[in-house]
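*Asks:* structure here, sequence nowhere to be found:
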């Protein structure tokens, strides 16, 4: 299996001025190509440190991708450093020179002397012309080592990668790698892993790896084979095994489907409308459902009822319930769910009421106590949760639990 | 100057499943502390490769921060690997064991055998207790080398870093580094940078660095001196200069104040209540205001009116307006804001209606077109925005613009 390594060059990354989205983009593409990435590094615009890191990379990886440091300024030295290590002389590329000229003229920008530096490329390299900037990308080959230089700005790097680098890497690959993501809700990471620890310990091809998400666990099955068909043949029995073990806790086997999309698909399948009645989450639950384009047919409105008054006025929660049990209680959660469905004329309503903190907790009702209720066909299904951590963590977990409960109620009811 | 190096452990990062936001967060904090970061690396859950990388890091940096790989599962081996290289035995920490127990019991989760692994810590280390998860952080010291292990999930890493690691690193610094964060809303990054390019080019002590955030620009002024007082003496004139240049675009000079907190402070100061009327943001705007503990006195309720029907029913938007101008129009945004304030009996109402995509755009009303309106004292203040990018980006920028408009209306009205 071929290995690839990524070196991102840029002081702005070391200072935390920007988030390294290029790394995630390139890594995902390489994973899709079945290239094994074992290392990513970030280094500043410092030729000495870059040279050392680059030499280490050449010694341990087949393909080295460098991004950034191809600009026209004095500190942009990635190309010079890489060429030096590879023992290549820089020569002017006529087409690259023309491209710099055209690019700058089109934008009515003055060409400075250092712009011409961008037309210099290592001898014998493959030039990747850049339609979104002045820095061309470069591919150098030497023995079994391949070095790919890319410009740093994502709007230049992404199209160059997709149009020129991806096809180049694809033709190098003899083996095909396929993977499938099995996503679970309503189970914690350690319990999920305990249930498959035997599979993880025995594994070679395919492999299974768990990923913890907020209120979810994702299991990735990966297999390599000579064809896509054969890789999926290896994946299928493992997927079946996971289905046996987790049943309806699995909400999808499609990596692009989120929990809110899974809920949306159920609403669509069974022609159900839903509304939300939120207290401590204050709109985040509806906000997550609205992540799904097309939800508007099933979620027409939602209520944020942060005060007791609003719970009475908008949802018709009886004042006596609020008085006797308090705003954070199973009774209030149920009355909110029932009242929300009624007010919106929706089939389902999911409600959330809790104490997100940091203040407002008591011994009896501590910070993190959250009631979630789902109304459907005259009945409510209510859950008590105790979360820990920050205000935002408690709210995010509450949203995940509310979506999980909504999904469960629809599934259970539809099975009956 | 002390050097710091970051190693993020996680196959998810190498596969591109997630973006490495931890690296940006930690780098920014280290820059604030005046620590020099020359290298960042990412490596998978592979003890052999991690060990080698870690040894290299120890050889070239004073402080090594490792994040990730502290979970309960079999592939989580960061702690074991780091302890091995540092020649430390792992011992059970009673308090960490208790913490795991309490954390799991509170959430009614079954404790599996592998959870106890998280209570093992290297002998003689400083344990960083984790209030948001089961993995404690760890600080090991050996000669002049300091090694800090942190859990990978940002909701655990961020509070642990801020509360425990930042103060620890701060006291290691011989020179005092002070910084002040000036936060701006309602101006783009390049325009903000153009306005201070002369300050950036001339700078030595203090320095100014711009950070682009969603709908905001943050300018950090950093100074080093022998005492805190002298550092702030250096910062003050620079802050004054920025105030001259940006005026009321500056919403705070306190790094812990977010835009929603700044809005909350204005509501509190002027005794104003607010409500929200959201279409495409679907609850995210109210959800951001509810980030602020104590907002309940000023935001009692909010409306998510995703359908035209809901806009009519809950906000009283006239059917003729929807018919004549469409749901995404200045007229509808204004009617939503007016109707929301009326329905909630609030002083102010901010509304959002737009096309978040990816579908639903036309030539006249393209994806990313968003109208925002704010009602106050019988008048509406309306803004038309055209955003680009993904559905979630468009919605997040809409929320930031709505908060910016709300702040501006309060400020403008109160000055009159």
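*Replies:* Everything's here; your move. Please read all numbers here as calculations on a predicted model, not as lab measurements. Numbers count the residues shown, from 1 in each chain, chains lettered A, B, ... in the order given.
*Asks:* domain assignment for chain A?
*Replies:* A:3-170, A:176-252, A:259-415 (automatic domain parsing).
*Asks:* most packed of the ones you listed?
*Replies:* domain A:259-415 (a mean of 21; mean count of other C-beta atoms under 10 Å in any protein chain shown). For the C-beta atoms, the positions are set from N, CA and C on the backbone; glycine is no exception.
*Asks:* next secondary structure after the lowest-mean-pLDDT helix or strand in chain A?
*Replies:* Every helix and strand in chain A was compared by mean pLDDT, DSSP states H and E; the lowest is helix A:113-116, with a mean of 79. Sequence order places strand A:120-122 as the next helix or strand after helix A:113-116, per DSSP states H and E.
*Asks:* just checking, what packs against the next helix or strand after that next one?
*Replies:* The element immediately downstream of strand A:120-122 (helix or strand, assigned by DSSP H and E) is strand A:126-128. Applying 3 or more C-beta pairs under 8 Å, 6 or more residues apart in numbering or on different chains; DSSP states H and E, we find strand A:126-128 packed against strand A:137-142.
*Asks:* where does pLDDT dip in chain A?
*Replies:* A:416 (pLDDT under 70).
*Asks:* follow-up on the earlier one: which one of the domains of chain A lies nearest to residue B:141?
*Replies:* Nearest to residue B:141 among the domains of chain A is domain A:3-170 (24.1 Å), distances taken as C-beta to C-beta.
*Asks:* so residue A:156 is in which element?
*Replies:* Per DSSP H and E: helix A:154-160 holds residue A:156.
*Asks:* wait, does that helix make contact with chain B?
*Replies:* No: Helix A:154-160 lies out of reach of chain B by C-beta under 8 Å from any C-beta of the partner chain, never closer than 10.9 Å.
*Asks:* what do you get for stretch A:299-315?
*Replies:* Yes: under the criterion of C-beta under 8 Å from any C-beta, chain B is reached by stretch A:299-315 at A:299-307, A:309-310, A:313-314.
*Asks:* could you dump these to JSON lines with distance to residue B:209?
*Replies:* Output for the residues of stretch A:299-315 next to chain B, formatted as JSON lines (distance: C-beta to C-beta, whole Å):
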{"residue": "A:299", "distance to residue B:209": "42"}
{"residue": "A:300", "distance to residue B:209": "46"}
{"residue": "A:301", "distance to residue B:209": "44"}
{"residue": "A:302", "distance to residue B:209": "40"}
{"residue": "A:303", "distance to residue B:209": "43"}
{"residue": "A:304", "distance to residue B:209": "37"}
{"residue": "A:305", "distance to residue B:209": "43"}
{"residue": "A:306", "distance to residue B:209": "38"}
{"residue": "A:307", "distance to residue B:209": "42"}
{"residue": "A:309", "distance to residue B:209": "46"}
{"residue": "A:310", "distance to residue B:209": "43"}
{"residue": "A:313", "distance to residue B:209": "48"}
{"residue": "A:314", "distance to residue B:209": "46"}
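*Asks:* just these: which are in strands?
*Replies:* A:299, A:300, A:301, A:302, A:303, A:304, A:305 (DSSP state E).
*Asks:* residues contacting the second one?
*Replies:* Okay, so that is residue A:300. Contacts here follow C-beta atoms under 8 Å, 6 or more residues apart in numbering or on different chains; on that basis residue A:300 touches A:273, A:275, A:344, A:346, B:306, B:307, B:309, B:310.
*Asks:* thinking again about what came up before, between the residues of stretch A:299-315 next to chain B, which sits nearest residue B:292?
*Replies:* Closest to residue B:292, out of all of the residues of stretch A:299-315 next to chain B and judged by C-beta to C-beta, is residue A:306, at 11.5 Å.
*Asks:* my guess is the closest one contacts residue B:287, does it?
*Replies:* No: the pair residue A:306 and residue B:287 fails to qualify as a contact (C-beta atoms under 8 Å) at a distance of 11.1 Å.
*Asks:* so what sits against both of these two?
*Replies:* Counting by C-beta under 8 Å, 6+ apart, the residues touching both residue A:306 and residue B:287 are residue A:282.
*Asks:* do you have the strands of the stretch 101-250 of chain A handy? List them.
*Replies:* Listed in chain order, the strands of the stretch 101-250 of chain A (DSSP state E, counting those that start in this stretch) span residues A:120-122, A:126-128, A:137-142, A:145-150, A:176-185, A:207-213, A:216-225, A:250-252.
*Asks:* quick revisit: closest one to residue A:385 out of the contacts of residue A:300, please.
*Replies:* residue A:275 (20.9 Å).
*Asks:* A helix includes the closest one, no?
*Replies:* No: secondary structure of residue A:275 (DSSP: H, G, I helix; E, B strand; the rest coil): strand, not part of a helix.
*Asks:* okay but it is in contact with residue A:344, surely?
*Replies:* Yes: in terms of C-beta under 8 Å, residue A:275 counts as a neighbour of residue A:344; the distance is 3.8 Å.
*Asks:* ok, residue A:322 touching residue A:309?
*Replies:* No: judged on C-beta under 8 Å, residue A:322 makes no contact with residue A:309 at a distance of 9.5 Å.
*Asks:* before we move on, back to that, need the strands of the stretch 101-250 of chain A in a markdown table with distance to residue A:373, can you?
*Replies:* Formatted as a markdown table, the strands of the stretch 101-250 of chain A follow (distance: least, C-beta to C-beta, whole Å):
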| stretch | distance to residue A:373 |
| --- | --- |
| strand A:120-122 | 65 |
| strand A:126-128 | 57 |
| strand A:137-142 | 55 |
| strand A:145-150 | 51 |
| strand A:176-185 | 18 |
| strand A:207-213 | 24 |
| strand A:216-225 | 21 |
| strand A:250-252 | 20 |
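*Asks:* which element, helix or strand, includes the residue located most distally from the centre of chain A?
*Replies:* Largest separation from the mean C-alpha position in chain A: residue A:320, at 44.8 Å (C-alpha atoms, centre = their mean). Assigned by DSSP H and E, residue A:320 belongs to helix A:319-325.
*Asks:* show me the contact partners of that helix.
*Replies:* So helix A:319-325 is contacted by A:308, A:311, A:312, A:329, A:331, A:332, A:335 (C-beta under 8 Å, 6+ apart).
*Asks:* mind running it again at 7 Å?
*Replies:* Here helix A:319-325 makes contact (C-beta atoms under 7 Å, 6 or more residues apart in numbering or on different chains) with A:308, A:311, A:312, A:331, A:332, A:335.
*Asks:* max-length helix in chain A?
*Replies:* helix A:391-415 (DSSP state H).
*Asks:* what's that one packed up against?
*Replies:* helix A:259-269, helix A:284-289, strand A:348-354, strand A:369-376, strand A:379-386 (3 or more C-beta pairs under 7 Å, 6 or more residues apart in numbering or on different chains; DSSP states H and E).
*Asks:* just want the angle from that helix to strand A:176-185.
*Replies:* Angle of helix A:391-415 versus strand A:176-185, following axes from the mean of the first three to the mean of the last three C-alpha atoms, to 10 degrees, is 90 degrees.
*Asks:* next, the contact list for residue A:216, please.
*Replies:* So, once contact is read as C-beta under 7 Å, 6+ apart, residue A:216 ends up touching A:183, A:184, A:185, A:259, A:400.
*Asks:* no further queries at this time; thank you.
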